[in-house]
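1. Give me a 3D structure for the following:
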Amino acid sequence: MTKTDFRRLALSFPEASEKAHQSHPDFRVAGKIFATLGYPDSAWAMVKLTPEQQAEFVAADPSTFVPVKGGWGRKGATNVKLRPAKFARVRSALAAAWCNTAPKHLARKFEARRFNPWG
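-> From the prediction side, this is the model:
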């Protein structure tokens, strides 16, 4: 996965926008960050998961998903190593991060469409 792929995926979620935070791109919904690019360096991205979600992604693909060091990592912030990352797994992680961050009414609408594409 490239930075361009990650950016395109992050911006594919409803009402997602790109801004900058601490000199690297971030992706937001309703003004809140759900993912970043370039942290800790250009080979990585980050998604804001719950600690339980983080444990699942890390267990399923430890070469791609790594807890962020320190307190943010203990709260679920998870680094994504871009080079080995698979599109479907990153899309799932971004969807989880977006749903965790989006206003509840928007997240419910997204989840309903995700599991019922005709609804």
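
2. which SS class is residue 20?
-> strand (DSSP: H, G, I helix; E, B strand; the rest coil).

3. That one: neighbour count?
-> Applying other Cβ atoms under 10 Å, we find 11 residues neighbouring residue 20. (Glycine included, C-beta is placed from N, CA and C.)

4. now do residue 25
-> Residue 25 is flanked by 18 other residues according to other Cβ under 10 Å.

5. Then residue 53?
-> Number of residues near residue 53 (other Cβ under 10 Å) recorded here: 20.

6. do residue 8 as well
-> Number of residues near residue 8 (other Cβ under 10 Å) recorded here: 10.

7. For it, give me the pLDDT.
-> Here the pLDDT value assigned to residue 8 is 97.

8. a helix runs through it, doesn't it?
-> Yes. Using three-state DSSP, the assignment for residue 8 is a helix.

9. residue ranges with poor pLDDT in this protein?
-> Counting by pLDDT under 70, the chain contains low-confidence residues at 112-119.

10. Chain neighbours aside, what residue packs nearest to residue 42?
-> residue 3 (7.2 Å; Cβ to Cβ, 6 or more residues apart in numbering).

11. Dump the helix ranked longest in the chain to PDB, restricted to CA.
-> Criterion DSSP state H: the longest helix present in the chain is helix 87-101. Extracted C-alpha coordinates of helix 87-101, given in PDB (Å, rounded to 0.1, in the frame of the first residue of the first chain):
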ATOM      1  CA  PHE A  87      -6.000  -3.100   1.000                       C
ATOM      2  CA  ALA A  88      -8.900  -5.000   2.600                       C
ATOM      3  CA  ARG A  89      -7.300  -5.000   6.100                       C
ATOM      4  CA  VAL A  90      -6.400  -1.300   6.000                       C
ATOM      5  CA  ARG A  91      -9.900  -0.500   4.800                       C
ATOM      6  CA  SER A  92     -11.400  -2.500   7.700                       C
ATOM      7  CA  ALA A  93      -9.100  -0.700  10.200                       C
ATOM      8  CA  LEU A  94     -10.000   2.700   8.700                       C
ATOM      9  CA  ALA A  95     -13.700   1.800   8.800                       C
ATOM     10  CA  ALA A  96     -13.400   0.900  12.500                       C
ATOM     11  CA  ALA A  97     -11.400   4.100  13.300                       C
ATOM     12  CA  TRP A  98     -13.900   6.200  11.300                       C
ATOM     13  CA  CYS A  99     -16.900   4.600  13.100                       C
ATOM     14  CA  ASN A 100     -15.200   5.200  16.500                       C
ATOM     15  CA  THR A 101     -14.700   8.900  15.700                       C
END
